[in-house]
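>>> Predicted structure and sequence below. I'll ask about it afterward.
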2 protein chains.
Amino acid sequence: MKQSKMLIPTLREMPSDASVISHALMLRAGYVRQISAGSYTYLPLANRVIEKIKTIIREEFDAIGAVEMLAPAMITSELWKESGRYETYGDDLFKLKNSEGTEFIMGPTHEETLTAIVRDSVKSYKQLPLTLYQIQAKYRNEKRPRNGLLRTREFIMKDSYSFHADDESLDQSYLDHKQAYENIFDRAGLDYKAIIGDGGAMGGKDSQEFMAITPDRTDLSHWVVLDKSVANFDELPEDVLEAIKAELLSWSVSGEDTIAYSSESDYAANLEMATDFYKPANKVLAQEELAKVETPNCKSIDEVAAFLGVDQTQTVKTLLLMADDEPVVALLVGNDQLNDVKLKNHLAAGVLEPATDAEAKAFFGADFGSLGPVGLPEGTRIVADRRVKDVANVVVGANEDGYHLTGVNPERDFTAEYVDLREVREGEPSPDGKGVLKFARGIEIGHIFKLGTRYTESMNGLVLDENGRAIPMIMGCYGIGVSRLLSAVLEQHARLFVNKTPKGEYRYAWGINFPKELAPYDVHVVEVNSKDEASNAVTATIEASLQKAGYQVLTDDRNERVGVKFSDSDLIGLPIRVTVGKKAAEGIVEVKIKATGDTIEVHTDSLIETLTILTKQ
Amino acid sequence: MKQSKMLIPTLREMPSDASVISHALMLRAGYVRQISAGSYTYLPLANRVIEKIKTIIREEFDAIGAVEMLAPAMITSELWKESGRYETYGDDLFKLKNSEGTEFIMGPTHEETLTAIVRDSVKSYKQLPLTLYQIQAKYRNEKRPRNGLLRTREFIMKDSYSFHADDESLDQSYLDHKQAYENIFDRAGLDYKAIIGDGGAMGGKDSQEFMAITPDRTDLSHWVVLDKSVANFDELPEDVLEAIKAELLSWSVSGEDTIAYSSESDYAANLEMATDFYKPANKVLAQEELAKVETPNCKSIDEVAAFLGVDQTQTVKTLLLMADDEPVVALLVGNDQLNDVKLKNHLAAGVLEPATDAEAKAFFGADFGSLGPVGLPEGTRIVADRRVKDVANVVVGANEDGYHLTGVNPERDFTAEYVDLREVREGEPSPDGKGVLKFARGIEIGHIFKLGTRYTESMNGLVLDENGRAIPMIMGCYGIGVSRLLSAVLEQHARLFVNKTPKGEYRYAWGINFPKELAPYDVHVVEVNSKDEASNAVTATIEASLQKAGYQVLTDDRNERVGVKFSDSDLIGLPIRVTVGKKAAEGIVEVKIKATGDTIEVHTDSLIETLTILTKQ
């Protein structure tokens, strides 16, 4: 393809309105343009990447026996009223009405549509299992669209739905999807983790999220590619190195979720779902007497522990929360932090909020800082982290401003429900006992979920089982954020290209090192002088031989300065650059492998052979 | 692909709510399902056809140097306010508002978006020409969605837009598109005509519509495929033949436009745009005296001509119309019919309506039937068909009930603007003098249009020309109805399959004979007994060898009666059926070519070779 026929509007500078590198680069490299807040056009380069992602998805989905179809994106509101989601989905749902008053929504997801289609066609367990998928635009009325393709109002999703007569069949489909997802993300060149998601009431094992890991911004070996003009990092002067480090740190870390993962095992979970390494501890035998002590001006656990001269682990923190407007007392050991999601899931609460000062005062008769679980009114719901059960003779607030109780013992002095409530900390042991927990930010790129009968029950999606009995079909649903994948890939494959000018100055510039299977083209042929006839002839020759060998070729045939062409080539980010320069007349061109900065001069006759060798490394 | 894993919900009967054959068959053969009025899900088979159409479009568009991209389907209303179309587009436009009050439309077309993108990135004539295309869902709030995919609220379009600095470049792109369209429709197996469209004020040469021709329902050789059990049409008993003819005639003719085309040349036009074969005639020299004659009870041209004993061509019919609320008199020779569109275009009128009885009475002082052009008030706008200029001594209404004038002569007795106003009739000479005009109904499948500067002027889409002067870019826009193409293909490739049962009864049943490049799979392997191991083994062998030879295979592995399988196979409509039946154990299978009904038994070893020969015929 001739670059002059493409629309690749690269920018000379980083756009000022982008705070994450993937967003900035996809604008600067001419991949996308914003039309309005959260609404992007995929320009020709991005469209090619999206199509390649789709192809990979189709290949891997065909391999697990899934079948592609396509439902309308605009959905009659009737279907969503049947499932009940029309009213409950919230403001994120784009609703519209035509001039005759018929109501529609723009689908954020298609459980209702697929359930309706399958229920109307499938009547017997013999026609199951069935896995259907589609790749299409989805809609969500984001309040704050941001970060390029990471949070948009219109986005491309692969969504699939499986239908089963029994749980074993669903389990198999769930595993098949997991395998397909791993293949897809591997082929997309992504560093990702399958984590235990916030499956809510469904329980963790029935839901997994695939998170692309945001690279550590202090890892120079990841981010920086040295040109052949720079021997190694040691060569770089301190001020250049500092400038590079500052440049890397100047970009916001993308990824809206923090992931806790084991340094040594497969364990990985959303921070909100990560459990701690817990073994019930032996209690001391002798329980002390309960005593009330004055603790003037002690508001925090730190202050109380210091004042009383005890370890923080010898204190229990008391919180008051309102769960669907009912008060709930939560207890944690010392400075452990409450994980709201765990408590909310345990309570199966719709809304969970911290109580106000006034609510706490009214409930305990004391201010925050002196709250405690002892002597609360009968019927008070107290939920404690499981570690609280193992403490003895601890300090708690006395429910009287300026006083705490010492020698407090669970069960003797208060009772509670003991569950996993605490938020894990980086560096503590992994819950499986293997390695320690590390934290990273992640971008959700996929989700697999055992949906069960939520939709088939509400929408009458019944089939006859082996005994002729009508049962609701069991469903799984599975998503991949196709357009968001492009952002995730750029977040991981953005690079700082460093070179030394002939005058000895070090320069660095952002660019992309696209993974092989997703690059919009395989090879960027750059004509240094597009008006030179010898150069044109060589270019035509190598274009033909590259295409014959199966390479997709983009040729920069523009009448631009070579500096502009090289800079654009780094931005566009194809894996291989072939420069047709001064030695073109002798049949010599320069090959550069983007990932490594390796550069070599080759005769056009041996170009294909050289590429075969270089790209196999 | 195993049929048991697909969702192909064939129906035993023709659906009662479909009146055109393509709609009925796409439902019955399990290709699509309606979700709500004008909203269809493409089930797996239809999705494959749609993807094949997309592939063909991409190949042919790449060949003309067009570049694919993808703009959002949901468009900020701001862009449409810039062009002015937000207010003028009409009720067909789906408008929506999010909960914050931001307004969007669901795009029916993307001139504004593309103009905005290109204007922001392209600053110089040197960056032109540029041709961009996309394939995506479009939206139109159809008042009366109908006929399956022919008129829906959400549909798939290929839309392309070309941008130019001069007219010559636009002309080239227009021709390139025409060639690409012809290639695409040829590959899609369509019988179509490129016609002169209703380009309105732009003039015919700047706009062409591609119309798929609805087959003549009396052409048995087109519709009927005889099974090997039936030797020829002559064998069919009269009552069977009559039943078949009645079946064909029971389906409505699809296609909303009538096309007039030459029996011998390339001439083809929308009926509304078709011109007649016209040569100015020699007038008789002697002009008669004007005379008023009584014509009691003569209301029509027929009655007047009969009463006065003259040929209809010796009369001129007078009509009154209201063009944007202004009266306009239209004149036609004898029983020639007015073509409203021609008159409307000539007047450049927004609304053109027939006058009411009261309006005519008030204007002429007489009722319809006695109207005439003689003695009308000064300033009356009279538009006559050009043939009126050539008549002499004709009869017209006297503007007095019950009277006509004879001996009327144009120019002497009235003056008029002479233009092409009459509607052509089937059988009259083609305007190019080659052959006669034939009529057919057509389905619009594509449109190419020289748009000019309509959008670049209103949206400030300027570039610098060679002299550094800012000029608006010149645009072309071009559309193909991708989903509607499926309906057009089925309209042309629906077939009545006729066979004779072993008991000697003749049966006919609807099915599809898919064109090769669009069929969802190439070969339908039908296992007569899916529980038979020998049969399974042979099936596996031929599946493997077919796939190796590049055929896409659908295997009916369902545990169904063979009658059901054959009937479904005819409905699904793949070009080749391979039946694995009783002789499977001997390695013998039956090959049937759908288009011809040819059937042959072959050994699995020579299957590929046989197919190669048969499909080359």
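Here it is on my side, so go on. Not measured: the values here are computed from a predicted model. Numbering: from 1, shown residues only, chains lettered A, B, ... in the order given.

>>> got a pLDDT number for the closest residue to A:Gly30 other than its chain neighbours?
Leaving aside its sequence neighbours, A:Gly30 sits nearest to A:Ile8 (C-beta to C-beta, 6 or more residues apart in numbering or on different chains; 4.0 Å). Quick note: C-beta positions are derived from backbone N, CA and C, even for glycine. In this model, A:Ile8 is scored at 97, pLDDT.

>>> I'd like the average pLDDT over stretch A:306-313.
Rounded mean pLDDT across stretch A:306-313 is 92.

>>> buried set for that stretch?
Neighbour counts over stretch A:306-313 (16 or more other C-beta atoms under 10 Å in any protein chain shown) mark A:Phe307, A:Val310, A:Gln312 as buried.

>>> Now do the residue of the stretch 151-300 of chain A at minimum distance from chain B against A:Pro502, distance only.
Closest contact between the stretch 151-300 of chain A and chain B, by C-beta to the nearest C-beta, is at A:Glu154 (4.7 Å). Going from A:Glu154 to A:Pro502 by C-beta to C-beta, to the nearest Å gives 47 Å.

>>> When those two are compared, which one has more neighbours?
Taking other C-beta atoms under 10 Å in any protein chain shown, A:Glu154 and A:Pro502 do not tie; A:Glu154 has more neighbours (24 against 6).

>>> Okay, and the beta partners of the residue of the stretch 151-300 of chain A closest to chain B?
According to DSSP bridges, the partner residues bridging A:Glu154 are A:Tyr139.

>>> tell me the contacts of it?
Contacts for A:Glu154 were tallied using C-beta atoms under 8 Å, 6 or more residues apart in numbering or on different chains; they are A:Gly38, A:Ser39, A:Tyr40, A:Ala137, A:Lys138, A:Tyr139, B:Pro72, B:Ala73, B:Met74.

>>> hang on, the residue nearest to A:Gly30 is in a strand, isn't it?
No. Going by DSSP: H, G, I helix; E, B strand; the rest coil, the assignment for A:Ile8 is coil, not a strand.

>>> Isn't it up against A:Arg28?
No. Applying C-beta atoms under 8 Å, one finds A:Ile8 not in contact with A:Arg28, separated by 11.1 Å.

>>> now the residue of the stretch 451-600 of chain A found nearest chain B, nearest residue through space, not along the chain?
Across the stretch 451-600 of chain A, the shortest distance to chain B (C-beta to the nearest C-beta) belongs to A:Asn559, at 7.6 Å. Using C-beta to C-beta, 6+ apart and skipping residues adjacent in sequence, the residue nearest A:Asn559 is A:Ser530, 5.5 Å away.

>>> Contact residues of the stretch 151-300 of chain A facing chain B?
Residues of the stretch 151-300 of chain A lying near chain B by C-beta under 8 Å from any C-beta of the partner chain: A:Arg153, A:Glu154.

>>> Can you list the low-confidence ranges for the stretch 151-300 of chain A?
A:197-205, A:283-285 (pLDDT under 70).

>>> List the contacts of the residue nearest to A:Asn559.
Contact partners of A:Ser530, counting by C-beta under 8 Å, 6+ apart, are A:Asn536, A:Asp556, A:Asp557, A:Arg558, A:Asn559.

>>> State the number of residues packed around the second one.
In this case it means A:Asp556. Residues near A:Asp556, counting by other C-beta under 10 Å, number 27.

>>> Contacts only, for it.
With C-beta under 8 Å, 6+ apart as the criterion, the residues that contact A:Asp556 are A:Gln3, A:His524, A:Val525, A:Val526, A:Glu527, A:Ser530, A:Lys565, A:Asp568, A:Ser569.

>>> what do you get if the cut-off is 7 Å, keeping everything else the same?
A:Asp556 makes contact with A:Gln3, A:His524, A:Val525, A:Val526, A:Glu527, A:Lys565, A:Ser569, according to C-beta atoms under 7 Å, 6 or more residues apart in numbering or on different chains.

>>> what's the closest of these to B:Ile64?
Nearest to B:Ile64 out of the contacts of A:Asp556 is A:Gln3 (C-beta to C-beta; 17.2 Å).

>>> Leaving out sequence neighbours, find the closest residue to the closest one.
In space, and not counting its chain neighbours, A:Gln3 is closest to A:Asp556: 4.6 Å by C-beta to C-beta, 6+ apart.

>>> Is the one you found bridged to anything, and to what?
The partner residues for A:Asp556, given DSSP bridges, come to A:Val526.

>>> Kindly provide the distance from it to B:Ser487.
In this view, A:Asp556 and B:Ser487 are 43 Å apart by C-beta to C-beta.

>>> do the same with A:Thr599
Noted for A:Thr599: a distance of 55 Å to B:Ser487, by C-beta to C-beta.

>>> pLDDT and distance to B:Ala63 for the contacts of A:Ser530 - can I get that in JSON lines?
Formatted as JSON lines, these follow (pLDDT from 0 to 100; distance: C-beta to C-beta, whole Å):
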{"residue": "A:Asn536", "pLDDT": "94", "distance to B:Ala63": "22"}
{"residue": "A:Asp556", "pLDDT": "97", "distance to B:Ala63": "21"}
{"residue": "A:Asp557", "pLDDT": "95", "distance to B:Ala63": "18"}
{"residue": "A:Arg558", "pLDDT": "94", "distance to B:Ala63": "22"}
{"residue": "A:Asn559", "pLDDT": "92", "distance to B:Ala63": "25"}
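
>>> Of these - the most surrounded one?
Counting neighbours by other C-beta under 10 Å, A:Asp556 comes out on top of the contacts of A:Ser530 with 27 neighbours.

>>> ranges for the helices of the stretch 51-200 of chain A?
A:77-83, A:85-88, A:111-121, A:167-187 (DSSP state H, counting those that start in this stretch).

>>> Return the list of helices and strands in contact with the host helix or strand of A:Leu496.
Using DSSP states H and E, A:Leu496 sits within strand A:494-500. Judged by 3 or more C-beta pairs under 7 Å, 6 or more residues apart in numbering or on different chains; DSSP states H and E, the packing partners of strand A:494-500 are helix A:21-28, strand A:224-226, strand A:506-512.

>>> Recalculate using a threshold of 6 Å.
Helices and strands touching strand A:494-500, by 3 or more C-beta pairs under 6 Å, 6 or more residues apart in numbering or on different chains; DSSP states H and E, are strand A:224-226, strand A:506-512.

>>> Dump those into a markdown table; add mean neighbour count as well.
Converted to a markdown table, the helices and strands packed on strand A:494-500 look like this (neighbours: other C-beta atoms under 10 Å in any protein chain shown):
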| stretch | mean neighbour count |
| --- | --- |
| strand A:224-226 | 20 |
| strand A:506-512 | 19 |
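
>>> what about these, which gets the closest to A:Thr55?
Counting by C-beta to C-beta, A:Thr55 lies closest to strand A:506-512 out of these; the figure is 19.9 Å.

>>> partner strands of that closest one, parallel or antiparallel?
Sheet pairing of strand A:506-512 (DSSP bridges) gives strand A:494-500 (antiparallel).

>>> quick one: stretch A:441-455 to chain centroid distance?
The chain centre lies 12 Å from the centre of stretch A:441-455; the measure is C-alpha atoms, centre = their mean, to the nearest Å.

>>> Going by neighbour count, which residues in that stretch are buried?
By neighbour count, with 16+ other C-beta under 10 Å as the criterion, the buried positions of stretch A:441-455 are A:441-452, A:454-455.

>>> what's the answer for stretch A:468-480, then?
Within stretch A:468-480, the residues that count as buried by 16+ other C-beta under 10 Å are A:Ile471, A:Pro472, A:Met473, A:Ile474, A:Met475, A:Gly476, A:Cys477, A:Tyr478, A:Gly479, A:Ile480.

>>> Sounds good, over and out.
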